[in-house]
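[1] pasting the sequence and the predicted model now:
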Amino acid sequence: MSRTKRNRKNSRSYLSDMYFLDHEWVWKTTPKGYKYLESVERDKQSKEYIKAKAIYFTDSGSHNCKEPGPSLFRTLYTERPQRREAKRQLHNYMKNEEFVVILNPKNKLPYWT
C-alpha cells in the first residue's frame, strides 16, 4: 500500500477528499437575483486540475507537525539538560546539606518544528 494511501486513510481534512479538489466552486445567480454556489467539475487537461491532483497526492499537509522530533533532538534539548540540572542540584546538596533540591518530574517538551 502506498504511503499516501496510509496517510489519507483516517484523515478528516478536506484535502483528503478528491471531490473538493477536482471541482471548482462558482457563484451563480438566479433570475430573481439570488446568488448561490455551484460545484463545477474542472477540465481534466486544465492547469488547475493538474495542480489540484498534485496537491491531493502529495505527502505534505497530511500531518500536524507537532511530533516531538527525533531522539537526537530530544536528547540535546530535553533529556540531557534535565540530567545536568539534577546532577548540579545533587552536587550542591552534597556540599551543603541545608540546600533544598528541587527537581521537576519532567520538563516541557520542545517541538521539532
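    Right, received. Where do you want to start?
[2] any low-confidence regions in this protein?
    Scanning the chain for pLDDT under 70 picks out the ranges 1-18, 59-69, 112-113.
[3] where do the helices sit along it?
    Applying DSSP state H to the chain gives helices spanning 3-8, 18-22, 47-57, 71-74, 80-95.
[4] and the ones you listed as JSON lines, adding mean neighbour count?
    The C-beta positions use only the backbone N, C-alpha and C, and glycine is treated the same way. Output for the helices of the chain, formatted as JSON lines (neighbours: other C-beta atoms under 10 Å):
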{"stretch": "helix 3-8", "mean neighbour count": "13"}
{"stretch": "helix 18-22", "mean neighbour count": "15"}
{"stretch": "helix 47-57", "mean neighbour count": "13"}
{"stretch": "helix 71-74", "mean neighbour count": "12"}
{"stretch": "helix 80-95", "mean neighbour count": "12"}
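[5] can you give the domain ranges for the protein?
    In the assignment given by automatic domain parsing, the structural domains of the chain cover 3-57, 66-113.
[6] nearest to Tyr111, of the helices of the chain?
    helix 71-74 (9.3 Å; C-beta to C-beta).
[7] now for Gln82: which residues touch it?
    104, 106-107 (C-beta atoms under 8 Å, 6 or more residues apart in numbering).
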